[in-house]
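**Student:** below are the sequence and a predicted model for it; my questions follow.
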Amino acid sequence: MRPTAGFLSRPEFWEIFCAAVLLAWRVRVRPLSALWADWLSILCVFWIATALGRRWKHWPAVTAAVMAGLLALYASRQVPLTLAALGIAP
Amino acid sequence: MILGLSAMAVANAAVLLAAHAVVRRLRTGLGSVDVVLFLLVRILLISATVLGAGLARILHPLGLGLLGAAALALLLSAGVHRDWPSLRPLPWGRLWTAVGGLLLARLLLQVWFFAPAFDDVLSYHLPKVAEWVRAAAIPAPLGSDPRAAFPAGFELVEAWWVVFLHHDLLVEMAGVEFLLLAGASVHALAAGLGWSARTAGIAALLFVLGPGLYFQATSCLNDGAVAALLAAALALIVAGARLPLVLVPIFLGAGVKPTALLALPGIVLTGALIPRAGGRPGAPKGIASGLAVAALLSGIFWYVRNAVAFGNPVYPMGPGGMSSGLTGTTLQQAGPSLRSLEENLTAFVDLRIYDELAAPDGNCTLGFNGGAAAFALGFPSLIVLLRDEPLFRRVALGVAVSTLCVFACVVLDSWNGRFVLLLATLPSLALARLCERSRPVAALAVLALGLQTVSTFVPGNLSRGRLGALARQPWAERALLPPPETPGDGPIGFCSDDFGPAYPLYRPDFSRRVVYLRETGADALLARLDREGVKRVVVSGPLLKSGPIFDEAARRGRLRPFEAGPWKGYDVVPEGSR
C-alpha cells in the first residue's frame, strides 16, 4: 500500500507544486520585507490555500478577505494617481 | 458641413443595414454571437468601403454619400429594414440600460472633448489619415516616420469618422466601434461558456472599463482594436462558428497591427482544444467564406503594398527588427526571444500589474492598466474558477499562450503593456462568474467597478490641466498642440530625423498641406521649399542628420529660426529679399 501515490496523482498536488515553485521564485527575487505586498506571492499563497481548503465552510469568507486586502493594496497605490489626474489631489 | 453630415448619416445607415442584412442570413441562433458578427461585419464594410474608395480616389463626402445612398436604396427596396430588431421591450433590463446609457454618454463626451495626444498617434498614425482625407485617396506613405508604412486597418475606420466632416472631431469614434466589439465579444464568450446573461453582462462591463482598454478607445491607438478582434475570434471559436467566420477578426486584426499575429498561437490552440460543436446551425458557407475573403483582402492589403513599394511586406521591419533612425536603439525585435519573455514577464509581475507608477492612459504607460477589479478580484477568481470550468480552462490556456507569445516577441519598453490587453478578458470573465456564487465578492466587485469608473474619466496624458485647456477651445479648433501659423495660410514644411508630431500641422480640419522634407543637401532643400511655396518649416527632435543642411541654408540667409510655443523651426526668407 502506498498512501502517497493517490495524492501525487491528484490535481491538487500539482497545483500546490506549481504555486510553491512560483512562490519560491518570488522569495528568491524579492526582499522578504516586501513579500507581504507582493501580488504574485499573495496569489500563490491563495492558490495553495485554495487547493487545500476550498471545501472548508469559511472558505468564501477567506476568499473575500484576500480580495479585500488586494483591493486595498491596489487602491492605496493607484487611487492617488487617479485623483491627481482628476485634479483633486496634490 | 450640411453635405458632410447628410452623407455621414446616409453612409452609416447603409452600413448598419447592410451589416444587418448579412448577419440575418448567418443565423447562428445565439443573440450575443449575432451582435459580435454584426459589429464585425460593420467594421469590415467600413474598412472595405474606405479602402475601395481610397483606391478609386473617391474618398470624399460626396463619393461616399452617393455610394451610401445607392446601397441604402437597394437595401430598403429589398425590405431589409422590416426585420430590424426591436429595442422594445428593452433586452437588458432597466438597470443595465441605465448604466450602459450613462457610460455611453460619458464615452461620447470624451470623444467630443478629447483630442489626439500620443506621440505615435501624432507622428505616424493620424498623418496617414490626414493625407488620405486631403487627397481623397490612399497615397503611398509620405511622412518622415518609417512606421507610416505599418498596416493601417484601424486608420481606415478613423478615416470613416473624419472624411465626411473633413474634421477630426469624431476621430475617436473608431476606437468606440472596437470598444463595443470588445464588450460584445466578452459577453458572447461568457454566453458560449454556458454562463447566464447577467454574468456575461458583468464580464463585458469589467472588460470595457479596464482603464487601458477604455482609454485606447479614446486615444486613437490600435491595440484596443487588436484585443477586441482577438476576443471576437475567441468568442466565435467557443460558439462553434465556422472557420471562415473565425478568420474574419483574425484577418482584420492582421490589418490593424501585426501584434495580432504574434498572439495567434494562443487563439489557434484554443481553436484546437475546442472543436466545433456538431449540432450548431452554421452560417451559410458561401457568405462566411465571402466575409473571410473580404477580411483577408482588407488585412493583407498593407503587406502587399509594402512588398510592392519597398520589396518587404513587413517594412520597415527587417531581419534585425527595427531600430531608431536617430539613436540606433532597437524599437522592435524580429522573432521571439527568451530574454524579452523574461524581461516582460518580470516587469509585468514586479511593477506593471500594480498600475502604481503613472495614472492610467491609452498607452498603458508603465502599467498594465487592467484595473482594480482584475488585480484584486479577477486573478484570484481565476484561481478558483479554473479548477471547476474545463471549457474556460481551454480559453484561459489559449489567452495565456497568446500573452506569452507577445511578451516573447516584443522589446521591453515603458508602453508595451498595451500589447497584452487581451489578457484582461480572463479576470473579467472569472470575476463575473464568481460574483454569481458569492455575495461578498459581488460587493467587492461593485466597489472595484466604481474605482475603475472614476479612473476612466481623465487619462493620465490629458491630466494637469490639459483636458481643461482642450475643453476651453472652440470645438472646431480643438487640438492638444495648437498648430503654428503660416504666412499667407500656405503649406508648412516638416522635418524630423526620427519622428515627431506632424499631425497637428494639418490643423483639425485638414486645411493645411504638410510638405515632408527629406532632402539631403541645402540646394535641394531650398529648391523644394521654393517650388512648393513653403514659408515656414517645423523641425522636431535633434536633427543629427539634417541639421547641417538647415544650418547651411540659414548661413546663406534663406532660413531664419523661429520658436512658437512647442514648435520650433525656420521661416523661409524669399530669394532676393535678404
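**Tutor:** Received it, and whenever you're ready, just let me know what you need. The structure presented is a predicted model; accordingly, all values stated were derived computationally and were not measured. Residues are numbered from 1 along each chain as shown, chains lettered A, B, ... in the order given.
**Student:** got the domain ranges for chain B?
**Tutor:** What automatic domain parsing lists as the domains of chain B is B:2-82+B:101-310+B:338-457, B:487-572.
**Student:** for the ones you listed, which one ends up most surrounded?
**Tutor:** For the domains of chain B, average neighbour numbers computed from mean count of other Cβ atoms under 10 Å in any protein chain shown are highest in domain B:2-82+B:101-310+B:338-457, which has a mean of 21. Glycine gets a C-beta too; all of them are placed from N, C-alpha and C.
**Student:** is it positioned near chain A?
**Tutor:** Yes. Using Cβ under 8 Å from any Cβ of the partner chain, we find that domain B:2-82+B:101-310+B:338-457 touches chain A at B:349-350, B:353-356, B:358-360, B:372, B:375-377, B:379-380, B:383-384, B:387, B:437-438, B:440-441, B:444, B:447-448, B:451, B:454-455, B:457.
**Student:** got phi/psi on the residue nearest the centre of chain A?
**Tutor:** For chain A, the residue sitting closest to the mean C-alpha position, by Cα atoms, centre = their mean, is A:Leu43 at 2.0 Å. Backbone torsions for A:Leu43, taken as degrees, to the nearest 10, come to phi -60, psi -40.
**Student:** so what's it closest to, chain neighbours aside?
**Tutor:** B:Phe379 (6.1 Å; Cβ to Cβ, 6 or more residues apart in numbering or on different chains).
**Student:** my guess is that neighbour meets A:Cys44, correct?
**Tutor:** No. B:Phe379 lies out of contact with A:Cys44 (Cβ atoms under 8 Å); the separation is 11.2 Å.
**Student:** may I have the secondary structure class of B:Cys495?
**Tutor:** Judged by DSSP: H, G, I helix; E, B strand; the rest coil, the three-state class of B:Cys495 is strand.
**Student:** OK, contacts around it?
**Tutor:** Taking Cβ atoms under 8 Å, 6 or more residues apart in numbering or on different chains as the criterion, B:Cys495 is in contact with B:144, B:516-518, B:537-540, B:543, B:546, B:550, B:569.
**Student:** state the distance from the closest residue to it other than its chain neighbours to B:Phe499.
**Tutor:** Closest residue in space to B:Cys495, ignoring its immediate chain neighbours: B:Leu517 at 4.3 Å, by Cβ to Cβ, 6+ apart. Distance, B:Leu517 to B:Phe499, using Cβ to Cβ, to the nearest Å: 14 Å.
**Student:** before we move on, what about B:Leu404?
**Tutor:** In this view, B:Leu404 and B:Phe499 are 30 Å apart by Cβ to Cβ.
**Student:** mind listing what's buried along stretch B:459-471?
**Tutor:** The neighbour-count check on stretch B:459-471 (16 or more other Cβ atoms under 10 Å in any protein chain shown) flags B:459-463, B:466-467, B:470 as buried.
**Student:** is any residue of it near chain A?
**Tutor:** Yes. Stretch B:459-471 lies within reach of chain A by Cβ under 8 Å from any Cβ, at B:459-460, B:463-465, B:468.
**Student:** could you export that stretch as CSV, CA atoms only?
**Tutor:** Output in CSV follows, covering the C-alpha atoms of stretch B:459-471 (Å, rounded to 0.1, in the frame of the first residue of the first chain):
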residue,chain,number,x,y,z
PRO,B,459,-6.4,59.7,-18.9
GLY,B,460,-3.0,60.5,-17.3
ASN,B,461,-1.7,62.0,-20.5
LEU,B,462,-4.5,64.6,-20.5
SER,B,463,-4.2,65.5,-16.8
ARG,B,464,-2.5,68.5,-15.3
GLY,B,465,-4.9,71.0,-16.9
ARG,B,466,-4.6,69.6,-20.5
LEU,B,467,-8.2,68.4,-20.6
GLY,B,468,-9.4,71.7,-19.3
ALA,B,469,-7.4,73.6,-21.9
LEU,B,470,-8.9,71.3,-24.6
ALA,B,471,-12.4,71.9,-23.3
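**Student:** please convert the residues of stretch B:459-471 next to chain A to TSV, extending it with secondary structure.
**Tutor:** Formatted as TSV, the residues of stretch B:459-471 next to chain A follow (three-state DSSP):
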residue	secondary structure
B:Pro459	coil
B:Gly460	helix
B:Ser463	coil
B:Arg464	coil
B:Gly465	coil
B:Gly468	helix
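**Student:** quick revisit: next, format the buried residues of stretch B:459-471 as TSV and append distance to B:Ala13 and pLDDT.
**Tutor:** What follows is these, written out as TSV (distance: Cβ to Cβ, whole Å; pLDDT from 0 to 100):
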residue	distance to B:Ala13	pLDDT
B:Pro459	32	96
B:Gly460	37	94
B:Asn461	35	93
B:Leu462	33	93
B:Ser463	38	90
B:Arg466	36	90
B:Leu467	33	92
B:Leu470	31	93
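**Student:** just curious, which of those is nearest to B:Val133?
**Tutor:** Nearest to B:Val133 among the buried residues of stretch B:459-471: B:Leu470, at 21.3 Å, using Cβ to Cβ.
**Student:** report the contact partners of the closest one.
**Tutor:** Neighbour list for B:Leu470: B:113-115, B:462, B:478, B:480 [criterion: Cβ under 8 Å, 6+ apart].
**Student:** let me know the closest of those to B:Val33.
**Tutor:** Of those, the one sitting nearest to B:Val33 (Cβ to Cβ) turns out to be B:Phe114, at 31.7 Å.
**Student:** distance of that closest one from chain A?
**Tutor:** Distance, B:Phe114 to chain A, using Cβ to the nearest Cβ, to the nearest Å: 13 Å.
**Student:** tell me the spacing between the nearest residue to that residue once chain neighbours are set aside and B:Arg531.
**Tutor:** Nearest residue to B:Phe114 in three dimensions, chain neighbours excluded: B:Thr218, at 5.2 Å (Cβ to Cβ, 6+ apart). To B:Arg531, B:Thr218 is 40 Å away according to Cβ to Cβ.
**Student:** and A:Arg2, what pLDDT?
**Tutor:** For A:Arg2, the pLDDT comes out at 51.
**Student:** cool, the one 4 residues further on as well?
**Tutor:** Listed pLDDT for A:Gly6 reads 72.
**Student:** try B:Leu142
**Tutor:** What the model reports for B:Leu142 is a pLDDT of 69.
**Student:** and the residue nearest the centre of chain B, how far from B:Thr365?
**Tutor:** Nearest residue to the geometric centre of chain B (Cα atoms, centre = their mean): B:Asn222, 2.4 Å. Using Cβ to Cβ, B:Asn222 is found at 16 Å from B:Thr365.
**Student:** same check, this time on A:Arg77
**Tutor:** According to Cβ to Cβ, A:Arg77 stands 15 Å off from B:Thr365.
**Student:** tell me which stretches of chain A form helices.
**Tutor:** A:3-9, A:11-29, A:39-53, A:59-86 (DSSP state H).
**Student:** could those be laid out in a markdown table, adding distance to B:Ser289?
**Tutor:** Listed next are those as a markdown table, based on distance: least, Cβ to Cβ, whole Å:
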| stretch | distance to B:Ser289 |
| --- | --- |
| helix A:3-9 | 46 |
| helix A:11-29 | 41 |
| helix A:39-53 | 44 |
| helix A:59-86 | 46 |
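**Student:** least reliable of those helices going by mean pLDDT?
**Tutor:** Looking at these, the lowest mean pLDDT belongs to helix A:3-9 (a mean of 65).
**Student:** sorry, back to before: out of the buried residues of stretch B:459-471, which is nearest to chain A?
**Tutor:** Using Cβ to the nearest Cβ, the shortest approach to chain A within the buried residues of stretch B:459-471 belongs to B:Ser463, at 3.9 Å.
**Student:** give the contact list for that closest one.
**Tutor:** Going by Cβ under 8 Å, 6+ apart, B:Ser463 touches A:84-87, B:359.
**Student:** kindly recompute the last result at 7 Å.
**Tutor:** Neighbouring residues of B:Ser463 by Cβ atoms under 7 Å, 6 or more residues apart in numbering or on different chains: A:84-85, A:87, B:359.
**Student:** which of those tops the neighbour count?
**Tutor:** For the contacts of B:Ser463, the largest number of neighbours (other Cβ atoms under 10 Å in any protein chain shown) sits with B:Ala359, at 27 neighbours.
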